[in-house]
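K.L.:
Turn this into a structure:
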Amino acid sequence: MGRARVRRLTVDGQVWLWNVGHTHPECRTYLTLRRVEARHSALRLVFRGGPGRIVAGFPMGAGEVAAVDGGHLNLHEPGVVRRFLDLAAARGLLPVAHGAREVDGWPLFDALTGAGSG
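P.N.:
This next block holds a predicted model:
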């Protein structure tokens, strides 16, 4: 993928910047969230392909993640991003310090979709 497009999401008056990307050779899709006023503090939800887990690539489109036993989300949809943001906040995962905090996104995916841990 080329450079990931940064988008804006406003939640309760707070402006968040977010983008979706995909990297290799590990084949992982990620969703990065950061507040406008704290651009150097980010939460990166990482989705790695593996048994029962599917990340972007044929037959799916860029930014799509799925579990074989149920559940499919498109990380390019603002409503999906909002759901991840709300759940990350509820679980205390939002960054509080300078730097990027990487978190496995699959437990949040499972909570949002009701999918098993495959």
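
K.L.:
Show the pLDDT at Gly92.
P.N.:
Predicted confidence (pLDDT) at Gly92: the value is 94.

K.L.:
Kindly list the main-chain dihedrals of it?
P.N.:
Main-chain dihedrals, Gly92, degrees, to the nearest 10: phi 70, psi 30.

K.L.:
can you count the residues close to it?
P.N.:
Using other CB atoms under 10 Å, the number of residues around Gly92 comes to 7. C-betas here are computed from N, CA, C, even on glycine.

K.L.:
just Asn19 next, same as before
P.N.:
20.

K.L.:
now swap in Arg28 and tell me
P.N.:
Neighbours of Arg28 using other CB under 10 Å come to 18.

K.L.:
Against which helices or strands is the top helix by length along the chain packed?
P.N.:
In the chain, ranked by residue count with DSSP state H as the criterion, the top helix is helix 78-90. Under the contact criterion of 3 or more CB pairs under 8 Å, 6 or more residues apart in numbering; DSSP states H and E, the helices and strands touching helix 78-90 comprise strand 7-11, strand 28-35, strand 41-48, helix 106-113.

K.L.:
try 10 Å
P.N.:
Helix 78-90 is packed against strand 7-11, strand 14-23, strand 28-35, strand 41-48, strand 72-74, helix 106-113, with contacts defined by 3 or more CB pairs under 10 Å, 6 or more residues apart in numbering; DSSP states H and E.

K.L.:
closest to Gly99 out of those?
P.N.:
Checking the helices and strands packed on helix 78-90 against Gly99 by CB to CB gives strand 41-48 as the closest, at 6.8 Å.
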